[in-house]
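>>> here's my sequence, what's the structure:
(4 chains)
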Number of protein chains: 2
Amino acid sequence: MADGRMMAPHSGESLLFLTDEHLRQGIEAMFFAYRGFTADPDRILADMAYGRAHHRAIHFINRAPGTTVNNLLNILGVTKQSLNRVLRTLIADGLVQSRVGRNDKRERHLYLTDEGRALEQELSDAQRARMRLAFRTAGPEAVAGFRTVLEAMMDPEMRESFDRLRDSCP
Amino acid sequence: MADGRMMAPHSGESLLFLTDEHLRQGIEAMFFAYRGFTADPDRILADMAYGRAHHRAIHFINRAPGTTVNNLLNILGVTKQSLNRVLRTLIADGLVQSRVGRNDKRERHLYLTDEGRALEQELSDAQRARMRLAFRTAGPEAVAGFRTVLEAMMDPEMRESFDRLRDSCP
DNA sequence: TTGGAATGTCAACAACGCTGACATAAACTG
DNA sequence: CAGTTTATGTCAGCGTTGTTGACATTCCAA
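Okay, the predicted model is just below:
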């Protein structure tokens, strides 16, 4: 099977970081880091009737107010039925407002209410605090490398969503 | 609320990468990259009756053969009841073998069978291939930064698990 | 105007987190 | 050494969130 250790001699010292052992460490680092990444919002949400799916919806509605259900679907990469359940509770609880489209009445445009924005703030503050500490600890060059590798790890469509969101905010 | 933009003037140019906008990009990068990270194994597992939880169990049993249920629990960060359901199916399907402890008969030591090792190989090959491509695209310095930031993002206990696993393999 | 495509909603099911109750084995205590 | 406490693992049941299937509404094009 594809063994990184086998190819190192061909490629010289500069590719030693591609041994299977290094790749496995990268894989495990992703696993453990993602747990930390979601830990703080998860703790906040556990007290309410919400979960990680609600957080994601709230995050991206805040990021792109007026977005449609379909658009949100593509960003989140779940089925509309799954998203719909989450949106239903958020709307019922008054965190999200859904407005029928002006031009196309099939579409629903989504906005956070004041209450929704407040929860979004609370969640992002917690998540940003951890990210800020990690970034500060690691330093600017490490952060640049972090972002480069993450972008290279995305599927092309996700990469597009990511770039589009990035470009939409100055 | 904690606004990175507000603190930039205090800290000078070297901390500009800590603005809320940069942090949010880091957060979204984690989200999209993790989707890519799990996409390939998920595709393989979807055809079987297994999911991501089975992959994680198989991965760490392979990494530390003979580990106990309790030990696996601490690494995976789930409840033993949740892990037990996964292990039960893996044992029933002959991918994992569970042996009663010699010294302490309460413990169960876990090993992959040949069949289990085969699935592990298939899953890691897919995941490593993506990681290898990302690492190669990004280059060694970016990879170093990637690992530095991820380690800084972990909770201390996860960081310990990560280090212990890393040190256990030369 | 009618048939198909797009959008969103409702219903039911599977994977996988969780808590609670329990059996067994080990360890401690009087 | 008997009785209690602690540790480990198993079984049962529930909640969140993913899935597919069926359907209503709206738009658009033949």
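>>> for the rest of this, base every contact and every neighbour count on C-alpha atoms.
Fine.
>>> let's see the pLDDT reported for A:Asp47.
Note on A:Asp47: pLDDT of 84.
>>> mind checking how far it is from A:Ser98?
Taking Cα to Cα, to the nearest Å as the measure, A:Asp47 and A:Ser98 are separated by 25 Å.
>>> what number of residues lie near A:Val143?
Number of residues near A:Val143 (other Cα atoms under 10 Å in any protein chain shown) recorded here: 26.
>>> got phi/psi on it?
phi -60, psi -40 (degrees, to the nearest 10).
>>> give me phi/psi at A:Leu95?
Torsion angles at A:Leu95 (phi, psi; degrees, to the nearest 10) stand at phi -90, psi -30.
>>> now do A:His109
Per-residue torsions, A:His109: phi -100, psi 130 (degrees, to the nearest 10).
>>> now for it: which residues touch it?
A:66-69, A:98-101 (Cα atoms under 8 Å, 6 or more residues apart in numbering or on different chains).
>>> which of those residues come close to DNA strand C?
Among these, the ones lying near DNA strand C by Cα under 7 Å from any atom of the strand are A:68-69.
>>> tell me if stretch A:77-93 is near chain B.
No. Using Cα under 8 Å from any Cα of the partner chain, stretch A:77-93 never reaches chain B; the gap is at least 8.7 Å.
>>> between A:Asp47 and A:Ser98, who's got more neighbours?
A:Ser98 (19 against 9).
>>> and the closest residue in space to that one that isn't next to it in sequence, bridged to which residues?
Sequence neighbours aside, A:Leu110 is the residue nearest to A:Ser98 in space, at 4.8 Å (criterion: Cα to Cα, 6 or more residues apart in numbering or on different chains). Taking DSSP bridges as the rule, A:Leu110 bridges to A:Thr67, A:Ser98.
>>> isn't A:Glu115 right next to A:Gly94, touching?
Yes. Look at A:Glu115 against A:Gly94 with Cα atoms under 8 Å: they come within range, at 7.2 Å.
>>> what helix or strand is A:Gln59 located in?
Small correction: residue A:59 is His, not Gln. Assigned by DSSP states H and E, A:His59 belongs to helix A:52-63.
>>> just how off-centre is that helix within its chain?
Put simply, helix A:52-63 sits 9 Å off its chain's centre (Cα atoms, centre = their mean, to the nearest Å).
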